[in-house]
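In: Kindly return the folded structure for what I paste below:
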Amino acid sequence: MMKHMAQVAAVDPVWTRICDEARAAVRDEPLLGALIHAGLLHHPTLERALAYRFSMKLASGEMSEQILREIADEAYGSEPGLGQAARADLVAVHERDPACHRLLQPLLFFKGFQALQAYRVAHWLFVQGRRDMAYFVQMRASELFGVDIHPGARIGRGVMMDHAHSIVIGETAVVGDNVSMLHSVTLGGTGKEDEDRHPKIGNGVLIGAGAKVLGNIKVGDNSRIAAGSVVLMDVPCCKTVAGVPAKIVGDAGCDRPASEMDQILHNS
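Out: Sure thing, here's the model as predicted:
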(Lines give C-alpha, C1' and ligand atoms only; values in the text may rest on other atoms or scores of the structure.)
Protein backbone atom coordinates (compact mmCIF):
# COMPACT_ATOMS: atom_id res chain seq x y z
CA MET A 1 0.00 0.00 0.00
CA MET A 2 2.85 2.42 0.74
CA LYS A 3 4.21 1.71 -2.75
CA HIS A 4 0.77 2.49 -4.19
CA MET A 5 0.59 5.79 -2.29
CA ALA A 6 4.08 6.75 -3.49
CA GLN A 7 3.04 6.08 -7.09
CA VAL A 8 -0.10 8.19 -6.62
CA ALA A 9 1.93 11.04 -5.14
CA ALA A 10 4.23 11.05 -8.17
CA VAL A 11 1.36 11.64 -10.61
CA ASP A 12 -1.13 13.51 -8.43
CA PRO A 13 -1.99 16.88 -10.01
CA VAL A 14 -4.36 17.81 -7.16
CA TRP A 15 -1.70 17.33 -4.49
CA THR A 16 0.96 19.01 -6.63
CA ARG A 17 -1.24 22.05 -7.06
CA ILE A 18 -2.02 22.18 -3.34
CA CYS A 19 1.68 22.13 -2.49
CA ASP A 20 2.37 24.91 -5.01
CA GLU A 21 -0.46 26.96 -3.48
CA ALA A 22 0.86 26.27 0.01
CA ARG A 23 4.32 27.57 -0.81
CA ALA A 24 2.79 30.70 -2.34
CA ALA A 25 0.60 31.16 0.74
CA VAL A 26 3.63 31.00 3.03
CA ARG A 27 5.35 33.69 0.94
CA ASP A 28 2.23 35.88 1.10
CA GLU A 29 1.49 35.33 4.80
CA PRO A 30 4.57 34.16 6.74
CA LEU A 31 2.61 34.08 10.01
CA LEU A 32 0.74 31.05 8.65
CA GLY A 33 3.99 29.29 7.79
CA ALA A 34 3.96 26.91 10.75
CA LEU A 35 0.34 25.89 10.16
CA ILE A 36 0.82 25.37 6.44
CA HIS A 37 4.07 23.46 6.80
CA ALA A 38 2.64 21.21 9.52
CA GLY A 39 -0.67 20.69 7.76
CA LEU A 40 0.45 20.41 4.13
CA LEU A 41 4.07 20.74 3.12
CA HIS A 42 5.36 18.32 5.74
CA HIS A 43 3.37 15.45 4.18
CA PRO A 44 4.23 13.37 1.09
CA THR A 45 0.63 12.75 -0.02
CA LEU A 46 -2.82 14.25 0.28
CA GLU A 47 -3.91 11.21 2.29
CA ARG A 48 -1.26 11.87 4.92
CA ALA A 49 -2.27 15.53 5.09
CA LEU A 50 -5.93 14.58 5.46
CA ALA A 51 -5.11 12.17 8.28
CA TYR A 52 -3.10 14.89 10.05
CA ARG A 53 -5.91 17.44 9.70
CA PHE A 54 -8.50 14.91 10.89
CA SER A 55 -6.48 14.11 14.01
CA MET A 56 -5.65 17.72 14.87
CA LYS A 57 -9.23 18.92 14.54
CA LEU A 58 -11.01 16.05 16.29
CA ALA A 59 -8.57 15.42 19.14
CA SER A 60 -9.81 16.14 22.65
CA GLY A 61 -9.14 15.25 26.25
CA GLU A 62 -11.05 12.01 25.61
CA MET A 63 -9.15 10.93 22.49
CA SER A 64 -5.59 11.88 21.67
CA GLU A 65 -4.33 13.21 18.37
CA GLN A 66 -1.96 10.24 18.08
CA ILE A 67 -4.76 7.66 18.30
CA LEU A 68 -6.90 9.52 15.78
CA ARG A 69 -3.93 9.89 13.44
CA GLU A 70 -3.33 6.14 13.55
CA ILE A 71 -7.01 5.48 12.80
CA ALA A 72 -7.03 7.87 9.84
CA ASP A 73 -3.72 6.58 8.45
CA GLU A 74 -5.12 3.05 8.62
CA ALA A 75 -8.32 4.11 6.86
CA TYR A 76 -6.56 5.94 4.02
CA GLY A 77 -3.95 3.20 3.71
CA SER A 78 -6.45 0.36 3.40
CA GLU A 79 -9.14 2.12 1.35
CA PRO A 80 -7.81 4.12 -1.65
CA GLY A 81 -11.36 5.26 -2.41
CA LEU A 82 -11.22 7.64 0.56
CA GLY A 83 -8.44 9.67 -1.01
CA GLN A 84 -10.12 9.57 -4.40
CA ALA A 85 -13.35 10.86 -2.89
CA ALA A 86 -11.49 13.65 -1.08
CA ARG A 87 -9.92 14.79 -4.36
CA ALA A 88 -13.32 14.83 -6.06
CA ASP A 89 -14.77 16.79 -3.13
CA LEU A 90 -11.94 19.33 -3.28
CA VAL A 91 -12.40 19.89 -7.01
CA ALA A 92 -16.17 20.18 -6.52
CA VAL A 93 -15.79 22.94 -3.93
CA HIS A 94 -13.24 24.79 -6.05
CA GLU A 95 -15.43 24.63 -9.15
CA ARG A 96 -18.77 25.49 -7.53
CA ASP A 97 -18.02 27.89 -4.66
CA PRO A 98 -17.14 31.40 -5.86
CA ALA A 99 -15.54 32.04 -2.45
CA CYS A 100 -13.01 29.25 -3.06
CA HIS A 101 -10.01 30.48 -5.04
CA ARG A 102 -7.47 27.75 -4.20
CA LEU A 103 -7.64 24.03 -3.53
CA LEU A 104 -5.91 24.43 -0.19
CA GLN A 105 -8.78 26.54 1.19
CA PRO A 106 -11.26 23.69 1.81
CA LEU A 107 -8.51 21.50 3.23
CA LEU A 108 -7.40 24.14 5.75
CA PHE A 109 -10.40 26.39 6.32
CA PHE A 110 -13.79 25.08 5.09
CA LYS A 111 -15.69 23.12 7.72
CA GLY A 112 -18.06 21.56 5.18
CA PHE A 113 -15.19 19.80 3.44
CA GLN A 114 -13.52 18.85 6.71
CA ALA A 115 -16.77 17.49 8.18
CA LEU A 116 -17.34 15.42 5.05
CA GLN A 117 -13.86 13.88 5.28
CA ALA A 118 -14.44 13.11 8.96
CA TYR A 119 -17.67 11.35 7.96
CA ARG A 120 -15.77 9.32 5.37
CA VAL A 121 -13.38 8.00 8.02
CA ALA A 122 -16.32 7.32 10.35
CA HIS A 123 -18.12 5.42 7.58
CA TRP A 124 -15.00 3.32 6.99
CA LEU A 125 -14.96 2.47 10.70
CA PHE A 126 -18.70 1.67 10.60
CA VAL A 127 -18.27 -0.72 7.67
CA GLN A 128 -15.32 -2.36 9.45
CA GLY A 129 -17.60 -3.13 12.40
CA ARG A 130 -15.88 -0.58 14.66
CA ARG A 131 -19.14 1.14 15.37
CA ASP A 132 -18.44 2.71 18.74
CA MET A 133 -15.36 4.43 17.33
CA ALA A 134 -17.44 5.52 14.32
CA TYR A 135 -20.00 7.07 16.67
CA PHE A 136 -17.22 8.84 18.53
CA VAL A 137 -16.01 10.42 15.29
CA GLN A 138 -19.59 11.41 14.44
CA MET A 139 -19.99 13.04 17.85
CA ARG A 140 -16.75 15.01 17.60
CA ALA A 141 -17.47 16.17 14.06
CA SER A 142 -20.92 17.32 15.15
CA GLU A 143 -19.50 19.17 18.15
CA LEU A 144 -16.72 20.77 16.14
CA PHE A 145 -18.28 21.53 12.77
CA GLY A 146 -22.01 21.67 13.50
CA VAL A 147 -22.56 18.93 10.89
CA ASP A 148 -24.19 15.67 12.02
CA ILE A 149 -23.79 12.79 9.55
CA HIS A 150 -24.55 9.28 10.74
CA PRO A 151 -21.62 7.00 9.88
CA GLY A 152 -24.02 4.49 8.33
CA ALA A 153 -25.13 6.94 5.64
CA ARG A 154 -23.71 6.44 2.15
CA ILE A 155 -22.36 9.50 0.37
CA GLY A 156 -20.85 9.62 -3.11
CA ARG A 157 -17.96 11.62 -4.51
CA GLY A 158 -17.71 15.20 -5.69
CA VAL A 159 -20.01 16.44 -2.93
CA MET A 160 -20.03 20.05 -1.78
CA MET A 161 -21.53 21.20 1.52
CA ASP A 162 -21.51 24.98 1.23
CA HIS A 163 -21.22 26.71 4.63
CA ALA A 164 -22.51 23.38 5.99
CA HIS A 165 -23.77 24.61 9.36
CA SER A 166 -26.60 22.44 10.78
CA ILE A 167 -26.57 19.83 8.02
CA VAL A 168 -28.09 16.58 9.30
CA ILE A 169 -27.95 13.27 7.37
CA GLY A 170 -29.59 10.16 8.80
CA GLU A 171 -28.40 6.58 9.08
CA THR A 172 -30.02 5.06 6.00
CA ALA A 173 -29.70 8.12 3.74
CA VAL A 174 -27.95 7.75 0.40
CA VAL A 175 -26.40 10.71 -1.43
CA GLY A 176 -25.19 10.26 -5.00
CA ASP A 177 -22.18 11.69 -6.79
CA ASN A 178 -21.72 15.38 -7.62
CA VAL A 179 -24.37 16.63 -5.18
CA SER A 180 -24.38 20.18 -3.76
CA MET A 181 -26.17 21.12 -0.56
CA LEU A 182 -26.22 24.31 1.45
CA HIS A 183 -26.48 24.95 5.18
CA SER A 184 -29.33 23.66 7.35
CA VAL A 185 -30.26 20.81 5.00
CA THR A 186 -31.84 17.78 6.68
CA LEU A 187 -32.05 14.32 5.15
CA GLY A 188 -34.17 12.80 7.88
CA GLY A 189 -36.91 10.38 8.84
CA THR A 190 -40.56 10.99 9.59
CA GLY A 191 -40.98 9.05 12.83
CA LYS A 192 -39.62 6.20 14.93
CA GLU A 193 -39.67 3.52 12.26
CA ASP A 194 -36.69 1.19 11.96
CA GLU A 195 -35.12 -0.18 8.79
CA ASP A 196 -34.74 1.95 5.65
CA ARG A 197 -36.20 5.33 6.63
CA HIS A 198 -34.17 8.14 5.05
CA PRO A 199 -34.02 9.80 1.62
CA LYS A 200 -32.15 8.57 -1.44
CA ILE A 201 -30.63 11.53 -3.29
CA GLY A 202 -29.63 10.97 -6.92
CA ASN A 203 -26.56 12.19 -8.77
CA GLY A 204 -26.13 15.87 -9.57
CA VAL A 205 -28.86 17.11 -7.23
CA LEU A 206 -28.84 20.67 -5.83
CA ILE A 207 -30.42 21.06 -2.36
CA GLY A 208 -31.01 24.65 -1.26
CA ALA A 209 -30.45 26.12 2.18
CA GLY A 210 -32.85 24.98 4.89
CA ALA A 211 -34.48 22.28 2.77
CA LYS A 212 -35.83 19.23 4.60
CA VAL A 213 -36.11 15.94 2.74
CA LEU A 214 -37.92 13.44 4.93
CA GLY A 215 -38.66 9.74 4.74
CA ASN A 216 -37.60 6.88 2.51
CA ILE A 217 -38.21 8.79 -0.73
CA LYS A 218 -36.22 9.19 -3.93
CA VAL A 219 -34.94 12.43 -5.39
CA GLY A 220 -34.11 11.89 -9.04
CA ASP A 221 -30.84 12.71 -10.78
CA ASN A 222 -30.11 16.35 -11.68
CA SER A 223 -33.10 17.76 -9.84
CA ARG A 224 -33.31 20.88 -7.68
CA ILE A 225 -34.85 21.38 -4.24
CA ALA A 226 -35.55 25.04 -3.52
CA ALA A 227 -34.38 26.66 -0.29
CA GLY A 228 -36.74 26.17 2.64
CA SER A 229 -38.73 23.37 1.01
CA VAL A 230 -40.08 20.34 2.85
CA VAL A 231 -39.97 17.32 0.54
CA LEU A 232 -42.21 14.39 1.52
CA MET A 233 -42.70 12.61 -1.82
CA ASP A 234 -40.51 11.30 -4.63
CA VAL A 235 -39.00 13.89 -6.98
CA PRO A 236 -38.58 12.94 -10.68
CA CYS A 237 -35.30 13.43 -12.47
CA CYS A 238 -34.46 16.89 -13.83
CA LYS A 239 -37.28 18.73 -12.01
CA THR A 240 -37.43 21.61 -9.55
CA VAL A 241 -39.55 21.31 -6.41
CA ALA A 242 -40.40 24.10 -3.98
CA GLY A 243 -42.73 24.84 -1.10
CA VAL A 244 -44.14 23.30 2.07
CA PRO A 245 -44.94 20.61 1.22
CA ALA A 246 -42.79 20.70 -1.90
CA LYS A 247 -44.41 20.44 -5.33
CA ILE A 248 -42.97 20.35 -8.84
CA VAL A 249 -42.70 23.92 -10.11
CA GLY A 250 -40.77 23.30 -13.31
CA ASP A 251 -37.75 21.68 -14.88
CA ALA A 252 -34.32 21.83 -13.30
CA GLY A 253 -33.32 24.62 -15.67
CA CYS A 254 -29.98 23.10 -16.75
CA ASP A 255 -28.29 19.76 -17.27
CA ARG A 256 -26.11 19.97 -14.14
CA PRO A 257 -27.85 21.95 -11.39
CA ALA A 258 -25.41 20.89 -8.65
CA SER A 259 -22.51 22.25 -10.69
CA GLU A 260 -24.24 25.37 -11.97
CA MET A 261 -25.57 26.27 -8.48
CA ASP A 262 -28.42 28.26 -10.06
CA GLN A 263 -31.12 28.55 -7.39
CA ILE A 264 -33.46 31.00 -9.13
CA LEU A 265 -36.92 29.67 -9.94
CA HIS A 266 -37.33 30.53 -13.59
CA ASN A 267 -40.70 30.62 -15.31
CA SER A 268 -41.36 27.33 -17.09
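In: When you work out contacts or count neighbours from here on, use the C-alpha atoms and nothing else.
Out: Will do.
In: so who does the most centrally placed residue in the chain touch?
Out: With distances taken as C-alpha atoms, centre = their mean, Leu116 lies nearest the centre of the chain, 3.3 Å away. Leu116 sits next to Met161 when contact means C-alpha atoms under 8 Å, 6 or more residues apart in numbering.
In: so how far is Arg154 from it?
Out: Distance, Leu116 to Arg154, by C-alpha to C-alpha, to the nearest Å: 11 Å.
In: For the residue nearest to the centre of the chain, what is the enclosing helix or strand?
Out: helix 111-127 (DSSP states H and E).
In: Enumerate the helices of this structure by residue range, in sequence order.
Out: Under the criterion DSSP state H, the chain contains helices at 2-10, 13-28, 33-36, 46-58, 65-78, 80-96, 104-109, 111-127, 131-145, 257-260.
In: Rebuild those helices as JSON lines, extending it with distance to Gly204 and mean pLDDT.
Out: Output for these, formatted as JSON lines (distance: least, C-alpha to C-alpha, whole Å; pLDDT from 0 to 100):
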{"stretch": "helix 2-10", "distance to Gly204": "27", "mean pLDDT": "50"}
{"stretch": "helix 13-28", "distance to Gly204": "22", "mean pLDDT": "97"}
{"stretch": "helix 33-36", "distance to Gly204": "33", "mean pLDDT": "97"}
{"stretch": "helix 46-58", "distance to Gly204": "25", "mean pLDDT": "98"}
{"stretch": "helix 65-78", "distance to Gly204": "26", "mean pLDDT": "98"}
{"stretch": "helix 80-96", "distance to Gly204": "11", "mean pLDDT": "97"}
{"stretch": "helix 104-109", "distance to Gly204": "20", "mean pLDDT": "97"}
{"stretch": "helix 111-127", "distance to Gly204": "17", "mean pLDDT": "98"}
{"stretch": "helix 131-145", "distance to Gly204": "24", "mean pLDDT": "98"}
{"stretch": "helix 257-260", "distance to Gly204": "5", "mean pLDDT": "90"}
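In: Among those, show me which one is buried the most.
Out: Mean neighbour count, computed with mean count of other C-alpha atoms under 10 Å, is highest for helix 111-127 among those, reaching a mean of 24.
In: could you dump the helices of the chain to TSV with distance to Ala211?
Out: Shown next, in TSV, are these (distance: least, C-alpha to C-alpha, whole Å):
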stretch	distance to Ala211
helix 2-10	38
helix 13-28	32
helix 33-36	36
helix 46-58	28
helix 65-78	32
helix 80-96	19
helix 104-109	23
helix 111-127	17
helix 131-145	19
helix 257-260	15
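In: wouldn't Gly146 be in contact with His165 here?
Out: Yes - applying C-alpha atoms under 8 Å as the test, Gly146 and His165 come out as touching, 5.4 Å apart.
In: if we can go back for a sec, what is the orientation angle of the helix holding Leu116 with helix 80-96?
Out: Our comparison of helix 111-127 with helix 80-96, counting by axes from the mean of the first three to the mean of the last three C-alpha atoms, to 10 degrees, yields an angle of 160 degrees.
In: got the angle between helix 111-127 and helix 131-145?
Out: 170 degrees.
In: and the direction of helix 111-127 versus that of helix 65-78, what angle?
Out: Using the same axes, to 10 degrees: helix 111-127 against helix 65-78 is 80 degrees.
In: so how far is helix 111-127 off the chain centroid?
Out: How far helix 111-127 lies from its chain's middle: 8 Å, per C-alpha atoms, centre = their mean, to the nearest Å.
In: Same check on stretch 175-193?
Out: 12 Å.
In: cool, and stretch 235-243?
Out: Centroid separation for stretch 235-243 versus its chain: 23 Å, with C-alpha atoms, centre = their mean.
In: swap in stretch 71-80?
Out: 17 Å.
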